[in-house]
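Chemist: Just the structure for this:
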Amino acid sequence: MSSQNVRCPVCGCLNKGLALDETHGWMECIKCKTVVQIQPEKYVKKIPVFDMSDTESIVNALARK
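Modeler: Numbers count the residues shown, from 1 in each chain. Next up, the predicted model:
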């Protein structure tokens, strides 16, 4: 069984040495006492974010295609 260090998604406090396998991903933050379920990395999908302040380079890249 491995322990993990996880940041609370509510207050940002680092919770150290959590056994998330044992609790099926559930944790209680040591600072704000919020109870949340942390999803394993294999289920998290990253969403690309575009900075619209640089629209000229995006338009040029799309025009080349």
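Chemist: Model confidence for residue 15, exactly?
Modeler: Per-residue confidence at residue 15 stands at 94 (pLDDT).
Chemist: ditto for residue 65
Modeler: Per-residue pLDDT puts residue 65 at 69.
Chemist: can you check residue 47 too?
Modeler: Model confidence at residue 47, given as pLDDT, is 81.
Chemist: where does the helix or strand of the chain with the lowest mean pLDDT sit relative to the chain's centre, distance-wise?
Modeler: Sorting the helices and strands of the chain by mean pLDDT, DSSP states H and E puts helix 55-64 at the bottom, at a mean of 82. Distance, stretch centre to chain centre, for helix 55-64: 30 Å (CA atoms, centre = their mean, to the nearest Å).
Chemist: Contacts for it, please.
Modeler: Helix 55-64 has contacts (CB atoms under 8 Å, 6 or more residues apart in numbering) with residue 50. Any C-beta I mention is one placed from the backbone N, CA and C, and that applies to glycine too.
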